[in-house]
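1. Following is a predicted model, sequence given first.
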Amino acid sequence: MADCREPDWPAPPGVRALQTLRTGGCSPAPWASFNLGDHVGDAPARVTANRAELRRQLPSEPLWLSQVHGTTVVDAALAPQGASADASFSRLPGQVCAVMTADCLPVLFCDRAGTVVAAAHAGWRGLLDGVLENTIVALQVAPGELLAWLGPAIGPACFEVGNEVRAAFVARDAEAAGCFRPHGSKWLADIYALARQRLQQAGVTAISGGGACTVSDAERYFSYRRDGVTGRMATLIWLEAPGN
């Protein structure tokens, strides 16, 4: 069975979510073993087999996005497979929203009433440009009624960036300067802190997760920054059908 864990967050009954790990699949190195990405050089048949194994734990095939480090948010019930977007939402029970990552930050959302869910892919570009804010708007729920969970991403001790990345965030919000610390001629960025800042400024205060580091935990997580050629994990969320 695919190796997955459930997020530790106070989601209401009827909201289900899973975070896949890198183990439990059939792909060989360098994608070993539970690679779900069909764009990273792994054999299509192995990716299909891994996705089929994951599907056994889900109510339906997830909406797999073509992620472009942008800010587009789509309705998972209406968008086609492979839609070019970096977030999806659903109000339809059984419809699975998903994002794939291997260092970028996956963020899950739901409302306290359990009527809508979303999954967003927040690399630094998407985070800077507003993918989380766009997702919040798409949910059409008062931000104070939303819960967010920050999945595994590159940690603050490993995320080295140049001056231009720090300058771009600080230009948007001077408080972002506190999310960077000097590292030689570059900076170490805390993508978790940056995401919390943006969420809180948008009115979302119930924020969980944000403690894992994909780069430093090679046993559990894929990491593009660490390995270059590697697999992709999935972060998934859906509403259970009534009676389930």
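-> All right, it came through fine.

2. Outside of stretch 159-166 itself, which residues are in contact with it?
-> When contacts are defined by Cβ atoms under 8 Å, 6 or more residues apart in numbering, stretch 159-166 is touched by residues 124, 176-177, 180, 183, 186-191, 215, 225. Yep, even glycine has a C-beta here, placed from its N, CA and C like the rest.

3. again, only using 6 Å
-> With contacts defined as Cβ atoms under 6 Å, 6 or more residues apart in numbering, stretch 159-166 is touched by 180, 183, 186-189, 191.

4. ditto for stretch 86-97
-> In this structure, residues lying in contact with stretch 86-97 by Cβ under 6 Å, 6+ apart are 58-60, 62-63, 67, 70, 73-74, 76-77, 116-121, 126, 131, 135, 138-139, 236-239, 241.

5. Buried ones among the residues you listed?
-> Buried residues within those, counting neighbours by 16 or more other Cβ atoms under 10 Å: 58-59, 62-63, 67, 70, 73-74, 76, 116-121, 126, 131, 135, 138-139, 236-239.

6. ok, back up a step: in strands only, show me the contacts of stretch 86-97.
-> Using DSSP state E, the members of the contacts of stretch 86-97 that fall in strands are 73-74, 117-121, 236-239.

7. Columns distance to Pro13 and pLDDT on top of the residues you listed, output as TSV?
-> Below are these laid out as TSV (distance: Cβ to Cβ, whole Å; pLDDT from 0 to 100):
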residue	distance to Pro13	pLDDT
Val73	25	98
Val74	26	98
Val117	13	98
Ala118	18	98
Ala119	19	98
Ala120	23	98
His121	27	98
Leu236	18	98
Ile237	14	98
Trp238	13	98
Leu239	11	98
